[in-house]
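Novice: just need the structure, nothing else, for what follows:
(one chain, ligands or ions: 1)
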Amino acid sequence: MISGTVGRGVVGSGAVLGALALSLLAMPARATPGQVSGEAPTALPAPDTAQLRDVLRSAVAQGAPGAMARIDDDGSVYTATQGFADQDTRRALDTDDRFRVGSVTKVFSTVVLLQLVDAHQLDLDAPVNRYLPGLLPDDRITVRHVLSHRSGLYDYTDDMFAQSVSGFEAVRNKVYSYRQLVDLSLKKARTNTPGAAYAYSNTNFVVAGMLIEKITGHSVRSEYENRIFKPLKLNDTSYVHPDVRIQGRYARGYLTPDTAGQALVDATEQTVSWAQSAGAVISSTRDLNTFLSALADAKLTSAESLAEMERFTKVDSTTAYGLGLRRRTLSCGVSVQGHTGVVQGYYTYAFTSEDGRRSVTALANTSNNTKVLNTMAGTLESAFCGKQRTDRKRAAAAVERTEDIAPSLIRH
Ligand code: REY
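Specialist: Residues are numbered from 1 along each chain as shown. So this is what the prediction gives:
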């Protein structure tokens, strides 16, 4: 039987399966040296691993079968896990387990496009229609508008997942073309004139995937592999669309039904065709930390292109969006950048410090559970603010953010 209560009960007993594991390992320093000469080392407070463990424990108490986090801090690695990777076998979640990263995929897609900017094959301020003639109904929509969620293109997933379980079951084995997804969006009016406002929309990153394929002449899969996965040796990271399986060892993902009290739905196997370049990458905590650190260290793009990605426009008092990259200002005043991700069964937070020296990736293997989503934001507080986190209630309020993912799909 799959039920959140079973997972909670057993995990709550503490010792079973070593469900709670907290470790600090001495690791060799990062292969990619972070310090630019003349730059002062970041004075971040030490991570608070006890607090991190409490955050994960809360997520499990709120209905996640499992929750985990890995912090890579300039050569030191902290990991914490709680609960199960698989509710049926009761295998404990492990920070080496792979999972679906959802919209963290948008950072990968953006990096590929910025590499094309570096190679003078793409102009951020050119209309999308210059590269994809006739695709969009408005020639004023630029590549930059798309990557900063300012295009006004309606998010088709708002309709697709209005009902969480039936919406998911209707698409879990479907294979869409990019154009079909854009057409779903274009059935609806634009949400704003190009450039006028920020409005998070998966449609933007479907267009990003189309740009990658049009300009390179290759699939997004081979571009991710050749430009990012292989050079950074991200051996746990893959893009297998439309295959429904996750290779290697992985955490199963459990979608929370809209009706309270119903059993979680195992959503692990799906094509993720509804998201593709907006959300279909599979990875691990270690690989996402490696990726975000390398990105912030300008190892993947030119410094100029990184600066474009990091040109953040305010979304609200604590968050801002650049190009495929979100910045969050935590309760201790530290700003971090990265992305959140939601696909059915998986909530991901992947963020790094401004200099890339400290990264954290956290996962809960459930979704459609706003309490768990907001609780997991506490992993960032523990990782980057440590004991300087402001009192827990205020900190929780300060990080209670849901706009990283399609806002109308968040259930309260
Ligand atoms: C899709 C629905 C969320 C998730 C989404 N994900 O847009 C992209 C992202 C890739 O930003 C689903 N919610 C859930 C519902 C709500 O079905 N009715 O929580 O699993 O990461």
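Novice: return the set of residues that bridge with G83.
Specialist: G66 (DSSP bridges).
Novice: whoops, V343 was the one
Specialist: Beta-bridge pairing of V343 under DSSP bridges involves Y346.
Novice: residues in contact with it?
Specialist: Counting by C-beta atoms under 8 Å, 6 or more residues apart in numbering, V343 makes contact with 100-102, 253, 267, 270, 272, 275, 279-280, 367. In this view, the C-beta of every residue, glycine as well, is placed from N, C-alpha and C.
Novice: can you redo these as JSON lines with secondary structure?
Specialist: Formatted as JSON lines, the contacts of V343 follow (DSSP: H, G, I helix; E, B strand; the rest coil):
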{"residue": "R100", "secondary structure": "strand"}
{"residue": "V101", "secondary structure": "coil"}
{"residue": "G102", "secondary structure": "helix"}
{"residue": "G253", "secondary structure": "coil"}
{"residue": "A267", "secondary structure": "coil"}
{"residue": "Q270", "secondary structure": "coil"}
{"residue": "V272", "secondary structure": "coil"}
{"residue": "A275", "secondary structure": "coil"}
{"residue": "G279", "secondary structure": "coil"}
{"residue": "A280", "secondary structure": "coil"}
{"residue": "S367", "secondary structure": "strand"}
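Novice: can you add distance to R245 and give these back as TSV?
Specialist: Shown next, in TSV, are these (distance: C-beta to C-beta, whole Å):
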residue	distance to R245
R100	11
V101	16
G102	17
G253	13
A267	13
Q270	10
V272	11
A275	16
G279	17
A280	13
S367	19
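Novice: within reach of the ligand, which of the residues you listed are there?
Specialist: By C-beta under 6 Å from any ligand atom, the members of the contacts of V343 lying near the ligand are 102, 275, 279, 367.
Novice: just to revisit the earlier point, name the nearest of the contacts of V343 relative to S148.
Specialist: Using C-beta to C-beta, G279 comes nearest to S148 of those, at 17.4 Å.
Novice: correct me, but that closest one touches S103?
Specialist: Yes. The criterion here is C-beta atoms under 8 Å, and G279 meets it with S103 at 5.2 Å.
Novice: any common contacting residues for those two?
Specialist: 202, 205, 341.
Novice: so which of these reach the ligand?
Specialist: By C-beta under 6 Å from any ligand atom, the members of the shared contacts of G279 and S103 lying near the ligand are 202, 341.
Novice: what does the stretch 151-300 of the chain have sitting close to the ligand?
Specialist: Contact residues (C-beta under 6 Å from any ligand atom) of the stretch 151-300 of the chain with the ligand: 157, 161, 164, 167, 202, 255, 275, 278-279.
Novice: inside strands: which ones of these?
Specialist: L255 (DSSP state E).
Novice: buried ones among the residues of the stretch 151-300 of the chain next to the ligand?
Specialist: Among these, those buried by neighbour count (16 or more other C-beta atoms under 10 Å) are 157, 161, 164, 167, 202, 255, 275, 278-279.
Novice: now, which of the contacts of V343 sits nearest S353?
Specialist: Distances from S353 to those, taken as C-beta to C-beta, are shortest for V101 (19.5 Å).
Novice: need the contact list for that closest one.
Specialist: Shown in contact with V101 (C-beta under 8 Å, 6+ apart): 279, 281-283, 288, 341, 343, 346, 348, 350.
Novice: and if we set it to 6 Å?
Specialist: Counting by C-beta atoms under 6 Å, 6 or more residues apart in numbering, V101 touches 281, 283, 341, 348.
Novice: got the contact list for stretch 54-61?
Specialist: Here stretch 54-61 makes contact (C-beta under 6 Å, 6+ apart) with 8, 11, 67, 80, 82-83, 364, 372, 375-376, 378-379, 382.
Novice: most neighbours among these, please name it.
Specialist: Highest neighbour count within the contacts of stretch 54-61: A364, with 35 neighbours (other C-beta atoms under 10 Å).
Novice: was I right about that residue contacting L373?
Specialist: No. Applying C-beta atoms under 6 Å, one finds A364 not in contact with L373, separated by 7.8 Å.
Novice: overlap in contacts of those two?
Specialist: In contact with both A364 and L373: Y347, using C-beta under 6 Å, 6+ apart.
Novice: give the buried residues for stretch 179-188.
Specialist: Applying 16+ other C-beta under 10 Å to stretch 179-188 flags 181-182, 184-186 as buried.
Novice: lowest confidence element among the helices and strands of this structure?
Specialist: helix 4-12 (a mean of 25; mean pLDDT, DSSP states H and E).
Novice: would you map the helices across the stretch 201-350 of the chain?
Specialist: All helices of the stretch 201-350 of the chain, identified by DSSP state H, counting those that start in this stretch, fall at 202-216, 220-224, 285-296, 303-309.
Novice: pipe these into CSV and attach mean pLDDT and distance to S58 per row.
Specialist: Compiled in CSV, the helices of the stretch 201-350 of the chain are given as follows (pLDDT from 0 to 100; distance: least, C-beta to C-beta, whole Å):
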stretch, mean pLDDT, distance to S58
helix 202-216, 99, 29
helix 220-224, 98, 34
helix 285-296, 98, 19
helix 303-309, 98, 32
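Novice: which of these is buried the deepest?
Specialist: Among the helices of the stretch 201-350 of the chain, ranked by average contacts under mean count of other C-beta atoms under 10 Å, first place goes to helix 285-296 (a mean of 26).
Novice: so, low pLDDT: which residues of the stretch 301-412 of the chain?
Specialist: For the stretch 301-412 of the chain, the stretches with pLDDT under 70 are 391-412.
Novice: which parts of it are strands?
Specialist: With strands called from DSSP state E, counting those that start in this stretch, the stretch 301-412 of the chain shows them at 313-314, 319-321, 326-329, 335-343, 346-353, 358-364, 366-367.
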